[in-house]
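Q: From the sequence below, what's the structure:
(6 chains)
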Protein chains: 4
Amino acid sequence: MDTAPPAPPSSPSPWLPFESRRRARDEKREAVLRAAVQLFLEQGYHRVTLNEVADRLNITKPALYNYFRGKDEILFECWSMGAELVDGVITEINAGGGSGLAKLRKLVHAYAELMATDFGASLVRFDLRDLAERNAGVARAAKRRIDATFRRYIAAGIADGSIRPCDPKLAAFAIAGSLNWIGHWYRREGKLSPTAIADEFTVRLTDGLAAEVRLQTTKKTPRAPQGRNSGRKATGKKRTGGETG
Amino acid sequence: MDTAPPAPPSSPSPWLPFESRRRARDEKREAVLRAAVQLFLEQGYHRVTLNEVADRLNITKPALYNYFRGKDEILFECWSMGAELVDGVITEINAGGGSGLAKLRKLVHAYAELMATDFGASLVRFDLRDLAERNAGVARAAKRRIDATFRRYIAAGIADGSIRPCDPKLAAFAIAGSLNWIGHWYRREGKLSPTAIADEFTVRLTDGLAAEVRLQTTKKTPRAPQGRNSGRKATGKKRTGGETG
Amino acid sequence: MDTAPPAPPSSPSPWLPFESRRRARDEKREAVLRAAVQLFLEQGYHRVTLNEVADRLNITKPALYNYFRGKDEILFECWSMGAELVDGVITEINAGGGSGLAKLRKLVHAYAELMATDFGASLVRFDLRDLAERNAGVARAAKRRIDATFRRYIAAGIADGSIRPCDPKLAAFAIAGSLNWIGHWYRREGKLSPTAIADEFTVRLTDGLAAEVRLQTTKKTPRAPQGRNSGRKATGKKRTGGETG
Amino acid sequence: MDTAPPAPPSSPSPWLPFESRRRARDEKREAVLRAAVQLFLEQGYHRVTLNEVADRLNITKPALYNYFRGKDEILFECWSMGAELVDGVITEINAGGGSGLAKLRKLVHAYAELMATDFGASLVRFDLRDLAERNAGVARAAKRRIDATFRRYIAAGIADGSIRPCDPKLAAFAIAGSLNWIGHWYRREGKLSPTAIADEFTVRLTDGLAAEVRLQTTKKTPRAPQGRNSGRKATGKKRTGGETG
DNA sequence: CATGAATGAGGGTTCATTCAT
DNA sequence: CATGAATGAACCCTCATTCAT
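A: Below you'll find the predicted structure:
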């Protein structure tokens, strides 16, 4: 990832300026993306002007063109940041072991947490039709990969007996729908922490699929079938910021 | 679709011209909405120009202003059509009887089917920030009502024992998320019929909540007590047109 | 040309509004072109803003888009007006008779006069690279046709003996060069009338090619070989507004 | 192309570094001009960005400002290079002897050849309105000088009897027009060599003016007195790359 | 009522130029 | 000197909306 070898601290290598320039550049690029993704989520892509993005960074509009080719490329890069996060998660899960169900649960948990971040929410709240055709294609491909991963874990779970037989496609749709929706209703100011949401959704979305044991009944209350999902705090009436639809 | 039945020619009531005028007007209004909602869904609100809407109706742009105050009002009326459909469903369910779980299942089924219609999808694919503040308020209130209904049915089910104890809010989020997402991935040209989707989602989304019996019949539970949809199975590889995210 | 048959004066035909609308539209279109071509010639295409064009017509910039698709289309239409003038001239000459030399002289004369008009000068002073590729192709083709006509007349003259043998291509280049240059140096405020220029250039550019008689010695001074091109006024030192280069 | 010959290593004159510095600087300046004039001719001044100029030289945009005050000054210097070439030609001709006609022929020949060079074409293909007013004035004056030279030679020819009486101004326009147009249609890749063009144009443009003998040798005048270019004939169908207009 | 025409507001983009390093 | 970054000024174009006919 980082190309430059660590400069010997004692030598004022002429490379350093380059490196630092490049780092500064990358940092600024990311700062633009952070500002942009926030505004895009807050107001919606079409209502955000590049002037607003620039203003928030205390620069001027054309300065943005030093880092991006245009507004839609900024949108794409925001989206990509989210996609990379998901890809990282998937790579890690694939590297680990476990049953299909176990992998699915890991994915659900991590994905739910991601949906509570700006770049994660980008994945589901940005309209791909706003992208240049070329980038839209890349994005569609990435979406397909993620979707395929959900289905693959489910299919693997069915194969290894950890998941009860079902249609992997529709099951993936149902699970991913719930998860994606988090990106629409989650508010940072709400009372539910991303982790709490992720914990709860992991149980709720995968329990119906599990072949044997239900997570919902935790070990602590092994025979309290109606025992309100003990341990996992009921959040009651606390505002989380959104509605279902 | 069905045009007004020809007025009985024997009653030259002076009211009729009025009536027929108004009806003609309403029909045109609806025609505008049908054209608009399609375009809005196809291309996204901001990419659709009023000229396109007018062209599809073989009228001219300013003519639209005879029926609507502006573009955002058209968007709102499209949205409202969807909201009315949901309200109708809810009213009907409320009028009927049944346990909390039964009501929830009815709602899920009907809502899923609605998500496969243009006006239904409007509910979840249009951005409320595109509305005038006044209309946005109305829409937000409607969304809250729908969300509250989901929660109420769940809470009622918990109270009457048909649903296992859980957090109604998060459960509603999970269910509504899956349902809303249908509005994003469903394609009319796909292989899955709206009813099939609704059936499957009714099972999948409520089964985990059911206190006693599971609708989902698998080989492990050969005796599906209520028999409904029993045996429903994987739909295989048929394209439905979308991905999870 | 005019499509509408003359309306019977006694009948207020419902067609008239249409016709008059269309006429008004065409008139405005042409007014735009006249204003634009002047500005383009005065200041150069890239220095002229659509606001200036609009201002000169007492309308606003976007109003121009009712008549043209964009700035470059206005440029193209100006150019086309000139091309049509030339085409008309050529058509007329072709319809008439005469030797190759006679036709060439007619063309030179008419072309020279055209170069003194705004639309005529457009032909040689606008940069085809400013056009959309599609229009540029059309323009290039038209240029080729005009060039071919020059060469054809010369070749015909050689064939019929009215023009002395020479390379039609280079001869055409030489003649057309002189003529085109008029479009660069001619100033309306100058002392030379377009007709005077055309007369003079007709003699000067074709006399060297003529096989037999030299026009330069007019009938009035049949044997005054060195007689200063009598009859055709020497313009002396009068300012014409430009230089050679 | 040819870089400065290495300074004789034996003379460590303190001036040399200076000299070589200055020479290096001048060479770079010229390199910029060569790159710029090509781009300006290829694409047109307004479509060329300084970045493109810099890229072609493998330097960066601001570096150009070490050599020129701005884009329009680069344009002016390109133009000036061409003007200096013409001035050189004129100076040389003036230094030599000969009749007015002889001088005119020399000028036509040299000017035609110049039109086939980049800097020569600059003279007629760049728009003086793109220059700063100060430079535009200089350029206009230079153009006037060149024009005046054409007229002076013609007038001298009339006076010394080598040229038949005519209006020097219009004759100059006609000749210069043909010559200038070369700068518009000449293509290096074409079949006609600059010298061939110059030869042909020298004959064609001055023959009509000559008092006595015609350079142009046709079958009718088998005895070409001065023999120069005699027999030169039609170049056939070879592409030269341009049209007349 | 419907239309053609016109408008005002605004956004994205480009680019020559400058400045600190 | 050369560079990367930043800027200011413009310009084209789009489109919802209005108005006279």
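Q: and the helix or strand bottoming out on mean pLDDT in chain A, which residues are buried?
A: In chain A, the helix or strand scored least confidently by mean pLDDT, DSSP states H and E is helix A:15-43, which has a mean of 84. Within helix A:15-43, the residues scored as buried using 16 or more other CB atoms under 10 Å in any protein chain shown are A:E19, A:K28, A:R29, A:V32, A:L33, A:R34, A:A35, A:A36, A:V37, A:L39, A:F40, A:L41. Quick note: C-beta positions are derived from backbone N, CA and C, even for glycine.
Q: what's the next secondary structure element after that helix?
A: Helices and strands here follow DSSP states H and E; after helix A:15-43, the next one along the chain is helix A:50-56.
Q: How about that next one and chain B, touching?
A: No - if you take CB under 8 Å from any CB of the partner chain as the test, helix A:50-56 misses chain B, and the best it gets is 14.5 Å.
Q: Could you pick out the residues of chain A near DNA strand E for me?
A: Within reach of DNA strand E by CB under 7 Å from any atom of the strand, chain A has these residues: A:V48, A:T49, A:L50, A:N51, A:K61, A:P62, A:Y65, A:R69, A:G70, A:K71, A:D72.
Q: Show me which of these are buried.
A: The neighbour count (16+ other CB under 10 Å) marks A:V48, A:L50, A:K71 as buried among the residues of chain A next to DNA strand E.
Q: Please look at the last one and A:N51 and confirm they touch.
A: Translated: A:K71. No - applying CB atoms under 8 Å as the test, A:K71 and A:N51 come out as separate, 11.0 Å apart.
Q: ok, A:A155 to A:G100 distance?
A: When distance is defined by CB to CB, to the nearest Å, A:A155 is 7 Å away from A:G100.
Q: Which members of the buried residues of helix A:15-43 are the farthest-apart pair?
A: A:E19 and A:L41 (32.6 Å; CB to CB).
Q: Where does pLDDT dip in chain A?
A: Along chain A, segments meeting pLDDT under 70 span A:1-21, A:211-245.
Q: go again using 80 as the cut-off
A: Across chain A, the ranges flagged by pLDDT under 80 are A:1-23, A:208-245.
Q: Show me how the record splits it into domains.
A: As assigned by automatic domain parsing, chain A contains the domains A:16-68, A:71-217+A:239-245.
Q: For my notes, please list these in TSV and give distance to B:F173 for each entry.
A: As requested, those are exported to TSV (distance: least, CB to CB, whole Å):
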stretch	distance to B:F173
domain A:16-68	19
domain A:71-217+A:239-245	6
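Q: and of these, who's closest to chain D?
A: domain A:16-68 (12.4 Å; CB to the nearest CB).
Q: Pull the contacting residues for A:L123.
A: A:W79, A:G82, A:A83, A:V86, A:L114, A:M115, A:K143, A:N180, A:G183, B:G245 (CB atoms under 8 Å, 6 or more residues apart in numbering or on different chains).
Q: can you pull the contacts of the nearest residue to A:R125 once chain neighbours are set aside?
A: Spatial nearest neighbour of A:R125, chain neighbours left out: A:G183 (5.6 Å); criterion: CB to CB, 6 or more residues apart in numbering or on different chains. Contacts of A:G183 were listed using CB under 8 Å, 6+ apart, and they are A:M115, A:A116, A:G120, A:A121, A:L123, A:V124, A:R125.
Q: Verify the contact between the last one and A:Q43 for me.
A: No - at 11.6 Å, A:R125 does not count as touching A:Q43 under the criterion of CB under 8 Å.
Q: near chain D at all, the least confident helix or strand of chain A?
A: No - remark: helix A:15-43 sits outside contact range of chain D, by CB under 8 Å from any CB, the gap being at least 13.7 Å.
Q: And what about the closest residue to A:W181 other than its chain neighbours, helix, strand or coil?
A: Nearest non-adjacent residue to A:W181, counting by CB to CB, 6+ apart: B:G177, 2.8 Å away. Here B:G177 is recorded as helix under DSSP: H, G, I helix; E, B strand; the rest coil.
Q: Now for B:G177: which residues touch it?
A: B:G177 neighbours (CB under 8 Å, 6+ apart): A:G177, A:S178, A:L179, A:N180, A:W181, A:I182, A:W185, A:T244.
Q: Quick check: the closest residue to A:V53 other than its chain neighbours vs A:D55, distance?
A: Spatial nearest neighbour of A:V53, excluding adjacent residues (CB to CB, 6+ apart): A:A36 at 5.1 Å. Counting by CB to CB, the gap from A:A36 to A:D55 is 12 Å.
Q: Quick check: neighbours shared by those two?
A: In contact with both A:A36 and A:D55: no residue, using CB under 8 Å, 6+ apart.
Q: what are the phi and psi angles of the residue of chain A found nearest DNA strand F?
A: Taking CB to the nearest atom of the strand as the measure, chain A has A:P62 as its residue closest to DNA strand F, at 3.0 Å. Main-chain dihedrals, A:P62, degrees, to the nearest 10: phi -60, psi -20.
Q: Can you tell me the element A:K169 falls in?
A: Element membership for A:K169 (DSSP H and E) is helix A:168-185.
Q: Share the number of residues neighbouring A:L104, please.
A: 29 (other CB atoms under 10 Å in any protein chain shown).
Q: so which helix or strand takes in it?
A: Per DSSP H and E: helix A:100-115 holds A:L104.
Q: Could you write out the alpha-carbon coordinates of the helix or strand following that helix in PDB?
A: Elements were assigned by DSSP H and E; along the chain past helix A:100-115, the next helix or strand is helix A:118-125. Extracted C-alpha coordinates of helix A:118-125, given in PDB (Å, rounded to 0.1, in the frame of the first residue of the first chain):
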ATOM      1  CA  ASP A 118     -21.100   7.900   6.300                       C
ATOM      2  CA  PHE A 119     -19.200   6.000   3.700                       C
ATOM      3  CA  GLY A 120     -21.100   2.900   4.500                       C
ATOM      4  CA  ALA A 121     -24.400   4.600   4.100                       C
ATOM      5  CA  SER A 122     -23.200   6.000   0.700                       C
ATOM      6  CA  LEU A 123     -23.500   2.500  -0.600                       C
ATOM      7  CA  VAL A 124     -27.200   2.500  -0.300                       C
ATOM      8  CA  ARG A 125     -28.200   6.100  -0.300                       C
END
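Q: Show me which residues of whatever helix or strand comes next after helix A:118-125 are buried.
A: Later in the chain than helix A:118-125, the nearest helix or strand by DSSP H and E is helix A:133-160. Within helix A:133-160, the residues scored as buried using 16+ other CB under 10 Å are A:135-136, A:138-139, A:142-143, A:146-158.
Q: Please compute how far helix A:133-160 lies from its chain's middle.
A: 14 Å (CA atoms, centre = their mean, to the nearest Å).
Q: what does stretch A:67-76 give?
A: Counting by CA atoms, centre = their mean, stretch A:67-76 comes out at 20 Å from the chain centroid.
Q: Does it reach chain D?
A: No - on the criterion CB under 8 Å from any CB, stretch A:67-76 is out of touch with chain D, staying 14.3 Å away.
Q: Which residues outside that stretch are in contact with it?
A: Defining contact as CB under 8 Å, 6+ apart, one finds that stretch A:67-76 is touched by A:25, A:28-29, A:32-33, A:36, A:40, A:45, A:50, A:53, A:64, A:77, A:126, A:130-132, A:135, A:138-139.
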